[in-house]
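Peer 1: Let's see this in three dimensions:
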Amino acid sequence: MSDLEYDRRRRLQLRLDEVVRDNRFTIAVVFPAVGGVTLLASAWGLLPAPLAFNPYLLLFGVAVMRLPLIAGIAPLVTRRAAVGLALLCLYTWAIEWIGVRTGYPYGEFGYGVDLGPMLLGEVPAALPLFFVPIVANAYLLCLLLLGSRARSAALRVPVAVVAVVGMDLVLDPAAVSIGFWAYEAGGAYYGVPWTNYAGWVLSATVAVVLLDLSFERAGLLDRLAECGFMLDDLVSFVILWGIVNAAFGNWLPLGLALVYGYGLWRTDRFDFPTR
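Peer 2: As a prediction, this is how the structure comes out:
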């Protein structure tokens, strides 16, 4: 990279950091709160057809909530990291396509809401925008919570996998409740079959290993230390899916969401608007 290209990238990065930092509360609290209410109003038939579950409004809101994570990781995206992220996106589409076609590894399910353009007519093109941040947020939170113990890949990888699966234990019941998707045979866990989580163990393991190999842990920790907003997307996750689960009386998923909120508090990530 030439000095000119480096300077240009550095200026863009500083500008993005500034935009996110100056709008932290709006991005991490207001957007998910409004999003949660909008999803509930859509599910309960309180919004007119053009607005109810509008896929482009939905994707716009998700993209905004992802900005802190994107801004935080962007300076660390080397060629190796870019290849790893590309492979992770390809894996996300591939495993979902297999799941839709065969029922493995997640169980027989179908989408009930338009999530935007579809690849091959079956898999949402924006799927990595939903899945990859779950993996990244869980991994980064585990790095902070584990501290010096995160040096051991034998510890940090399985802990991060558990954290990813835990996030789906929050997400899936809420998504089923509002009709994002449904499992044909239902399930004992708020309409979600336990086999789904066996699939998530597989997906999370592959994704966490890819992420772990793609980024230098020291660089991630340095960026987390200097970038107070880097886990704000996880704050949004807790608020958005906490609201939806609470509205449907999904108390165990709500409790799990609050566990992630506690983890964020323990790592000093609720510090609006000072950093």
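
Peer 1: Which secondary structure elements does the helix or strand containing residue 94 sit against?
Peer 2: Residue 94 belongs to helix 79-102 when assigned by DSSP states H and E. In terms of contacts (3 or more Cβ pairs under 8 Å, 6 or more residues apart in numbering; DSSP states H and E), helix 79-102 is packed against strand 109-111, strand 123-124, helix 127-146, helix 194-214. Bear in mind the C-beta positions are built from the backbone N, C-alpha and C, glycine included.

Peer 1: What residues of the third one count as buried?
Peer 2: Residues of helix 127-146 classed as buried by neighbour count (16 or more other Cβ atoms under 10 Å): 127-144.

Peer 1: what stretches of the stretch 1-150 of the chain score poorly on pLDDT?
Peer 2: Counting by pLDDT under 70, the stretch 1-150 of the chain shows low-confidence ranges at 1-3.

Peer 1: Would you mind extracting the C-alpha trace of stretch 144-155 into CSV?
Peer 2: The C-alpha coordinates for stretch 144-155 follow below in CSV (Å, rounded to 0.1, in the frame of the first residue of the first chain):
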residue,chain,number,x,y,z
LEU,A,144,-12.4,-9.3,26.9
LEU,A,145,-13.9,-11.6,29.5
LEU,A,146,-11.2,-14.2,29.4
GLY,A,147,-8.4,-11.7,29.7
SER,A,148,-4.9,-13.3,29.8
ARG,A,149,-6.6,-16.8,29.5
ALA,A,150,-7.5,-15.9,25.9
ARG,A,151,-3.9,-16.7,24.9
SER,A,152,-4.9,-20.3,24.8
ALA,A,153,-6.7,-21.3,21.6
ALA,A,154,-7.9,-24.5,23.4
LEU,A,155,-9.9,-22.2,25.7
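
Peer 1: Pull the distance from that stretch to the chain's centre.
Peer 2: Computed by Cα atoms, centre = their mean, to the nearest Å, the chain-centroid distance of stretch 144-155 equals 21 Å.

Peer 1: can you check stretch 222-238 too?
Peer 2: 12 Å.

Peer 1: Output that stretch as CSV, nothing but the C-alphas.
Peer 2: The C-alpha coordinates for stretch 222-238 follow below in CSV (Å, rounded to 0.1, in the frame of the first residue of the first chain):
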residue,chain,number,x,y,z
ASP,A,222,-5.5,-3.2,21.1
ARG,A,223,-8.4,-2.0,19.0
LEU,A,224,-10.9,-3.0,21.7
ALA,A,225,-8.9,-1.0,24.2
GLU,A,226,-8.9,2.1,22.1
CYS,A,227,-12.3,1.8,20.6
GLY,A,228,-15.0,1.9,23.3
PHE,A,229,-17.8,1.5,20.8
MET,A,230,-16.5,-1.7,19.1
LEU,A,231,-19.1,-3.9,20.9
ASP,A,232,-22.0,-1.6,20.6
ASP,A,233,-23.6,-3.9,18.0
LEU,A,234,-23.9,-6.4,20.8
VAL,A,235,-25.6,-3.8,22.9
SER,A,236,-28.1,-3.4,20.1
PHE,A,237,-28.6,-7.2,20.0
VAL,A,238,-29.4,-7.3,23.7
